[in-house]
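S.K.: Sharing a model that was predicted from the sequence below.
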Amino acid sequence: MWRRVASLSSSISSSFLAQTASRLNTWESLTTGIAQQAKGVIAPKEKTPFITFFLGGPGSGKGTQCIKIVETFGFAHLSAGDLLRREIASKSADGAMILNTIKEGKIVPSQVTVKLIQKEMELSDNHKFLIDGFPRTEENRVSFERIIGVEPNVVLFFDCPEEEMVKRVLNRNEGRVDDNLETIKKRLTVFQALSLPVINYYSERGKLYTIKAIGTEDEIFEQVRPIFAAFEQTVG
Ligand SMILES: Nc1ncnc2c1ncn2[C@@H]1O[C@H](COP(=O)(O)OP(=O)(O)OP(=O)(O)O)[C@@H](O)[C@H]1O
Ligand SMILES: O=c1ccn([C@@H]2O[C@H](COP(=O)(O)O)[C@@H](O)[C@H]2O)c(=O)[nH]1
Ligand SMILES: [Mg+2]
């Protein structure tokens, strides 16, 4: 089972603690099922999960900053887009549907994405998660809370001008099927219409940190680092 952190600083709110405590049982039952099947052993979770969502438009630099957080603070990085691309590559039953959805810049059904994230979380030995590029919609958000049974502790929003995002994506050169001008325009429209409401939701709940995502990667990391440094003592 997940063990509660013994001493928590005042930077973590009491509502977070109450919320975490009330969800421990749900988390515990979720974590035992698939993990036991996959590993063939009981893998007790000793710590409360600490969940961070990285949100922002296409090319805003979420993945780049996640790599730095992994290196510096030892989080597990779960990119929803990477998990979906892995499904395509593995030719799973949902692969063709996911590929078409990504080419169109649309959003894959929540249940598919949340199940992939859930599986990764359950198989991970880590308790600190960076969930990159998810939730993209209010429906994604509600689905995550319902299926996983926890809410994020911290949400980062990478706020980047559209012109800069388009430039970065067109220069990315990783062979992604959605890195073309036509799909980028659709992704930007989807981001404005469906993802911004999620960002506003977390802002209203006091969980949002907005990062000005222009400048060098290192300059941006200097905005990101203190957020994680502040939580380091409490999350382990
Ligand atoms: N501060 C920066 N300045 C210039 N280029 C950057 C910066 N940060 C990241 N990049 C580059 O921009 C591209 C997009 O970055 P990244 O993949 O991290 O964005 P993302 O938010 O994960 O995008 P997506 O949502 O499309 O996955 C990459 O080629 C990356 O190397
Ligand atoms: O939660 C998610 C995350 C991603 N998608 C689809 O994948 C692409 C690429 O995602 P990146 O985070 O930019 O790698 C995105 O445009 C969506 O089509 C999704 O549906 N749900
Ligand atoms: Mg990315």
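M.R.: Looks like it arrived, so ask away. Ligands and ions are numbered 1, 2, ... in the order given.
S.K.: what helix or strand is the closest residue to ligand 2 within the chain on?
M.R.: Closest residue of the chain to ligand 2, Cβ to the nearest ligand atom: G81 (2.0 Å). Every C-beta, even on glycine, is put in place using the N, C-alpha and C of the backbone. Take DSSP states H and E as the rule and G81 turns out to sit in helix 80-89.
S.K.: after that helix, next one along is what?
M.R.: Next along the chain from helix 80-89, counting by DSSP H and E, comes helix 95-103.
S.K.: list the contacts for the nearest residue to D178 once chain neighbours are set aside?
M.R.: Of all residues not flanking D178 in the chain, I102 sits nearest, at 5.3 Å (Cβ to Cβ, 6 or more residues apart in numbering). I102 makes contact with G81, L84, R85, I88, V108, V177, D178 under the criterion Cβ atoms under 8 Å, 6 or more residues apart in numbering.
S.K.: Give me the buried positions along the helix or strand Q223 falls within.
M.R.: Using DSSP H and E, Q223 maps to helix 217-235. Burial within helix 217-235, assessed by neighbour count using 16 or more other Cβ atoms under 10 Å, is assigned to I220, F221, Q223, V224, R225, F228, F231, T234, V235.
S.K.: for ligand 1, what are the nearby residues on this structure?
M.R.: Counting by Cβ under 6 Å from any ligand atom, the chain comes close to ligand 1 at 56, 58-64, 81, 133, 168-169, 172, 216-217, 220.
S.K.: of all the residues you listed, which two lie farthest apart?
M.R.: G81 and T216 (23.4 Å; Cβ to Cβ).
S.K.: who has more neighbours, those two?
M.R.: G81 (19 against 8; other Cβ atoms under 10 Å).
S.K.: Based on its surroundings, how many neighbours for T189?
M.R.: By the criterion of other Cβ under 10 Å, T189 has 11 neighbours.
S.K.: how far away is the residue nearest to it when sequence neighbours are not counted from ligand 1?
M.R.: Excluding the flanking residues, the one nearest T189 by Cβ to Cβ, 6+ apart is G105, at 7.8 Å. Separation of G105 from ligand 1 (Cβ to the nearest ligand atom, to the nearest Å) stands at 10 Å.
S.K.: before we move on, what about I69?
M.R.: Taken as Cβ to the nearest ligand atom, the span from I69 to ligand 1 is 12 Å.
S.K.: where in this structure is pLDDT low?
M.R.: 1-44 (pLDDT under 70).
S.K.: how about the residues of it near ligand 2?
M.R.: Residues of the chain lying near ligand 2 (Cβ under 6 Å from any ligand atom): 58, 80-81, 84, 101-102, 105-108, 113, 133-134, 136, 140, 178, 187.
S.K.: hang on, the earlier thing: dump the residue contacts of the residue of the chain closest to ligand 2.
M.R.: Counted by Cβ under 8 Å, 6+ apart, G81 has contacts I102, D132, G133.
S.K.: rerun that using 6 Å as the cut-off
M.R.: G133 (Cβ atoms under 6 Å, 6 or more residues apart in numbering).
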